[in-house]
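>>> Show me how the following folds:
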Amino acid sequence: MMFRAKLLALKKQIVEKHVFGEMAAYVYVVEFRKRGLPHVHFLIILKNGYKLKWLIDYAKFVSAEIPTMANPSLRNIVLKHMMHRPCGKLNPECSCIKNSKTHGRCKYEYPKSFTPATTTNIAGYHEYRRQNSGETTLIRKYQLDN
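This next block holds a predicted model:
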């Protein structure tokens, strides 16, 4: 019930309030994972004047940094739900450590290196801004940063 309420609120933000800009079309599908947990995939096609074409456009919507204390609600959500668990040297038994062939590296390539601005790497993937603020926070008994 809560998932549906949040999905409807998200859909209203996207479709009616145009948080990403005016849309030409959209479609979404709800899927269920292990233990019946739902998630949704949205495909949003924006009108020409609203399409994201430059790295600075992506930076308006995507962040890879821990929010500041200026927005405590968002900060708490990110720290609770969006932080990758400690792995590698901090936690060699973590499930994201593939096998002995990776020499203890995370299969998602964490920890990511600090990056002063959003860029595109040689493979064409975005590397989002991740500045070294010097701040750390306690996540699952370990001090983690951006």
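>>> in stretch 8-24, what counts as buried?
Buried residues in stretch 8-24, counted by 16 or more other C-beta atoms under 10 Å: 14, 20. All C-beta atoms are positioned from the backbone trio N, CA, C, and that covers glycine.
>>> and that stretch, how far apart are its ends?
Length of stretch 8-24, first residue to last, C-alpha to C-alpha, to the nearest Å: 19 Å.
>>> Does residue 106 touch residue 91 like I think?
No - under the criterion of C-beta atoms under 8 Å, residue 106 makes no contact with residue 91, lying 9.8 Å away.
>>> Show me which of these two is the more surrounded one.
Here residue 106 and residue 91 are compared on neighbour count by other C-beta atoms under 10 Å; more neighbours surround residue 106, at 19 against 16.
>>> residues contacting that one?
Residue 106 is in contact with 84, 87, 88, 94, 96, 97, counting by C-beta atoms under 8 Å, 6 or more residues apart in numbering.
>>> Quick check: can you list the domain ranges of this protein?
1-51, 54-146 (automatic domain parsing).
>>> if we can go back for a sec, give me the subset of the contacts of residue 106 lying in helices.
Filtering the contacts of residue 106 for membership in helices, criterion DSSP state H, returns an empty set.
>>> Write the ChimeraX selection for whichever of these are buried.
Listed next is the ChimeraX selection for buried residues among the contacts of residue 106, using 16+ other C-beta under 10 Å:
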select :87,88,94,96,97
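>>> neighbours around residue 45, how many?
The local packing count at residue 45 equals 11, with neighbours defined by other C-beta under 10 Å.
>>> Run a quick check on it versus residue 23, I expect a contact.
Yes - using C-beta under 8 Å, residue 45 is in contact with residue 23, at 6.5 Å.
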